[in-house]
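> Sharing a model prediction with you, sequence too.
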Amino acid sequence: QAERIHQHGTRPGAPFWKLSCRGLSAEDFRARLLGQVSPDAAGKDVRIPGLLESAAGGTLFIHELEHLSAESQAELLKMLDNGYFLPAGSRRKTPLKARFVFSADPAIEESAARGNFHKKLWQRLSGHRVMLPPLRQRPEDLAPLVQFFLDAIRRATGAFVAGLDRKSLAALAGHAWPGN
């Protein structure tokens with residue numbers, strides 16, 4: 001849904017980047033997000049852009065926010081509050097120019113209340129929420145999703161895939177979709 005928000009927003013041709021927080025250490029989060037500046041052999045600074053810089057003018061989708069370490073939560077809050085970030089090895093402030101879309105398990109609200117997720121970060125991010133019911137509660141979305149994935153298979157392989165008939169779609173609609 002984040003990509004749909006991006007595509008139907010005011011900057012659909014701008015960059016769209018994703019970052020999953022699952023299994024991401026604080027160091028990896030910082031490196032992937034901030035990028036770095038380091039000197040080359042001649043002593044000239046070489047800039048390796050992170051996702052914040054790469055998504056400038058577009059959208060950065062940060063997925064599975066509930067898996068973000070406490071250290072990274074604090075760092076993200078600081079960046080959002082200040083409106084800038086510092087790439088590793090740099091002293092120059094770089095303004096945030098990306099739109100952010102975050103996703104998290106609904107239990108993140110309880111985690112924030114229990115102190116297991118940064119409460120101020122949660123308050124900052126929960127101002128504009130889009131609640132997406134699980135797929136099992138949205139059978140009308142199955143046909144467009146099937147079409148999306150069939151089109152992706154066609155583009156990737158060049159193979160023709162005819163699609164699904166009504167009986168097959170009805171079988172998908174009757175599935176419980178556990179875990180979703």
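Perfect, I can see it now.
> and the gap between the closest residue to Ala107 other than its chain neighbours and Leu121?
Counting by C-beta to C-beta, 6 or more residues apart in numbering, Ala107 lies nearest to Glu66, which is 7.1 Å off, once chain neighbours are set aside. In short, each C-beta sits where N, CA and C put it, glycine included. Separation of Glu66 from Leu121 (C-beta to C-beta, to the nearest Å): 11 Å.
> who's more crowded, these two?
Leu121 (23 against 17; other C-beta atoms under 10 Å).
> buried sites along stretch 76-88?
Neighbour-count burial for stretch 76-88 flags 76-77, 79, 85, 87 (criterion: 16 or more other C-beta atoms under 10 Å).
> Distance to Ala31 and secondary structure added to these, as CSV?
Output for those, formatted as CSV (distance: C-beta to C-beta, whole Å; DSSP: H, G, I helix; E, B strand; the rest coil):
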residue, distance to Ala31, secondary structure
Leu76, 14, helix
Leu77, 19, helix
Met79, 14, helix
Phe85, 12, strand
Pro87, 10, coil
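> And these, which two are furthest apart?
Leu77 and Pro87 (18.3 Å; C-beta to C-beta).
> Longest helix in the protein, please.
helix 142-157 (DSSP state H).
> and that one, what other elements does it pack with?
helix 166-173 (3 or more C-beta pairs under 8 Å, 6 or more residues apart in numbering; DSSP states H and E).
> In terms of secondary structure, what does the helix it packs on contact?
Checking 3+ C-beta pairs under 8 Å, 6+ apart, helix 166-173 ends up next to helix 142-157.
> avg pLDDT for the helix it packs on?
Taken as a whole, helix 142-157 carries a mean pLDDT of 88.
> Where does Met19 sit, in terms of helix or strand?
Just so we're on the same page, residue 19 is Leu rather than Met. strand 16-20 (DSSP states H and E).
> can I get the CA coordinates of that strand in CSV?
Only the C-alpha atoms of strand 16-20 are listed here, as CSV (Å, rounded to 0.1, in the frame of the first residue of the first chain):
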residue,chain,number,x,y,z
PHE,A,16,10.6,5.2,-3.9
TRP,A,17,12.7,3.3,-1.5
LYS,A,18,11.9,0.6,1.1
LEU,A,19,13.7,-0.4,4.3
SER,A,20,12.7,-3.4,6.4
